[in-house]
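Visitor: when you get a sec, could you give me coordinates for this:
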Amino acid sequence: MTHFSTTARLLAAATALSVFAGPALALDGNDLLKKINAALVIQGGALEAQSVAVDGSKVTLTGATYNPSGAPQKMPIGTVTMDGVEEAEGGYTIDKVTFPNINVSHEATTISASDITMSGVTVPADATKNTIESLLLYEEAKTGATTVAVGGKTVLTVGPSSVTTEVADDNSGIDFDMALNEIKADLSIIDDPQSREAIQALGVNTLDGSINLNGTWTQNDGTVAVEEYAIDFDKVGRLDLSFSFSGYTIDFLKSAQETAKALEANPNKQEAQQAANLAMLGLMQRLTFNAAQIRFEDDGVTAKALDYAGKKQGSNGPQMAQMIKAMTPIVLSQYNIPELQNMLSQAVNTYLDKPENLTITAEPANPVPFPMIMGAAMGAPNALPNVLGVKVSAND
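Guide: Below is the predicted model:
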């Protein structure tokens, strides 16, 4: 009897514990979606779903759509699955988000993409703070093969691609890296006769290459430093851009988004456009230019381009190169930039004699506010190269 009473009390206690503990441990799928949308405000969009289902640590959004700010209609997504969802200090962490495959057609064009996922997602508890903790972040976003077909013929394919981000240990900034691999484009579908002639002459009926980007964003001063933005295609060359500017803070992003919403709400389009121009000038005043570089490394396209242009002029590639070398200082002389003129003419001569690489850099002695750049461009354009510290070199 005593054994039975003890057992009964234990079962009753266990039942009571499960009753009180169950709701506390259960995920609130609607709250998760609400907090995701609160964080998406800075991007100017909203995620909606016909239904939200919770199964343990798994949350499923059925009939999901994304509504970008200013878009004429919502973008259909389908079923979105979030695995490994956990509450974290009022926010949420998600191990993996899986999106349905894309297969969208418009007129004769069809775009398809598969294996779309995000991992290591962090949903903030409070998206109103101007800190990294208020951002919707992810560690990696991946996409499988992507294809674009026109009239049933595949004209562009992109292999598995990814974007990764990493928050600094002290939350001072974010490192980002993007890689689009195995890009193949078929240019044979171009109908314009002149374009087809140029494509055939350059030997680029198909393009094969990749795009890579990496850099950092610093929270306090909003410095964006893109260390590499490389577009690399076989038999053409590699175009590599790097740049840095400051002022791109979370507060700047929120101000830009609020301005956009205000303009969208204005029914007077002419008045809205004028307001947009003024708002853009106001936002630009908050940005500062630090440095930039454009570099092109030739992979055979320059010689073919000279041959093609020379043939169109009734000559050949070497003669066309000499003509460009002779015309460069004449064309530049009208801009009253003697120092840059000499530098650019020398670089062009060096490059055309032996096409290897051509580099343009802008490194001012001190960061330059964007309004100063705009003022120089409108009032004294010949002073702009000195303001930005522009230099040109070749084959270095």
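Visitor: what helix or strand is Gln346 on?
Guide: If you go by DSSP states H and E, Gln346 is part of helix 338-353.
Visitor: helices or strands up against the helix or strand following that helix?
Guide: Following helix 338-353 in sequence order, the next helix or strand is strand 357-362 (DSSP H and E). For strand 357-362, the packing partners by 3 or more C-beta pairs under 8 Å, 6 or more residues apart in numbering; DSSP states H and E come out as strand 288-298, helix 338-353, strand 390-394. Glycine gets a C-beta too; all of them are placed from N, C-alpha and C.
Visitor: how about those in JSON lines, adding mean pLDDT?
Guide: Formatted as JSON lines, the helices and strands packed on strand 357-362 follow (pLDDT from 0 to 100):
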{"stretch": "strand 288-298", "mean pLDDT": "98"}
{"stretch": "helix 338-353", "mean pLDDT": "95"}
{"stretch": "strand 390-394", "mean pLDDT": "97"}
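Visitor: adding distance to Pro68 and mean neighbour count, write these out as TSV.
Guide: Converted to TSV, the helices and strands packed on strand 357-362 look like this (distance: least, C-beta to C-beta, whole Å; neighbours: other C-beta atoms under 10 Å):
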stretch	distance to Pro68	mean neighbour count
strand 288-298	29	18
helix 338-353	42	18
strand 390-394	37	18
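Visitor: tell me which helix or strand comes right after the least confident helix or strand in the chain by mean pLDDT.
Guide: Lowest by mean pLDDT, DSSP states H and E among the helices and strands of the chain is helix 2-25, with a mean of 37. Next along the chain after helix 2-25, taking DSSP H and E as the criterion, comes helix 29-40.
Visitor: for that next one, packing partners?
Guide: strand 45-48, strand 51-55, strand 58-68, strand 91-99, strand 116-123.
Visitor: so what sits opposite Val150 in the bridge?
Guide: Beta-bridge pairing of Val150 under DSSP bridges involves Thr109, Lys153.
Visitor: my read: it touches Thr109, true?
Guide: Yes. If you go by C-beta atoms under 8 Å, Val150 and Thr109 touch, sitting 5.4 Å apart.
Visitor: surely Thr131 meets Ile174?
Guide: No. The pair formed by Thr131 and Ile174 falls short of the contact definition of C-beta under 8 Å, at 11.9 Å.
Visitor: now the common contact residues for these two.
Guide: Gln219 (C-beta atoms under 8 Å, 6 or more residues apart in numbering).
Visitor: okay if I get the helices and strands packed on helix 29-40 as CSV plus mean pLDDT?
Guide: Formatted as CSV, the helices and strands packed on helix 29-40 follow (pLDDT from 0 to 100):
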stretch, mean pLDDT
strand 45-48, 92
strand 51-55, 97
strand 58-68, 95
strand 91-99, 97
strand 116-123, 97
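Visitor: mind putting the helices and strands packed on strand 357-362 into JSON lines with distance to Tyr138?
Guide: Below are these laid out as JSON lines (distance: least, C-beta to C-beta, whole Å):
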{"stretch": "strand 288-298", "distance to Tyr138": "27"}
{"stretch": "helix 338-353", "distance to Tyr138": "42"}
{"stretch": "strand 390-394", "distance to Tyr138": "38"}
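Visitor: I'd like to know which of these lies nearest to Ala321.
Guide: helix 338-353 (4.3 Å; C-beta to C-beta).
Visitor: got the contact list for the closest one?
Guide: In contact with helix 338-353 (C-beta under 8 Å, 6+ apart) are residues 302, 306, 321, 324-325, 328-329, 332-333, 335, 357-358, 385-386, 390-395.
Visitor: quick one: pLDDT of the closest residue to Thr128 other than its chain neighbours?
Guide: Distances taken as C-beta to C-beta, 6 or more residues apart in numbering put Ser134 closest to Thr128, at 6.6 Å, once the chain neighbours are dropped. For Ser134, the pLDDT comes out at 93.
Visitor: what does Ala26 give?
Guide: 75.
Visitor: just checking, Ala225 touches Gly215?
Guide: Yes. With contact defined as C-beta under 8 Å, Ala225 counts as touching Gly215 (5.3 Å).
Visitor: what is Ser242 paired to in the beta sheet?
Guide: Gln293.
Visitor: what is the neighbour count of it?
Guide: 18 (other C-beta atoms under 10 Å).
Visitor: can you tell me how far it sits from Ile111?
Guide: Applying C-beta to C-beta, to the nearest Å, the value for Ser242 to Ile111 is 30 Å.
Visitor: Asn171: neighbouring residues, count only.
Guide: 11.
Visitor: that one touches Ser134, doesn't it?
Guide: No. Counting by C-beta under 8 Å, Asn171 sits too far from Ser134 to count as a contact (11.1 Å).
Visitor: doesn't Val224 belong to a strand?
Guide: Yes. Looking at Val224 with DSSP: H, G, I helix; E, B strand; the rest coil, it is inside a strand.
Visitor: from here on, call the first residue 46.
Guide: New numbering, starting at 46: the last item is Val269.
Visitor: is it bridged to anything, and to what?
Guide: Under the criterion used (DSSP bridges), Val269 bridges to Trp262, Phe290.
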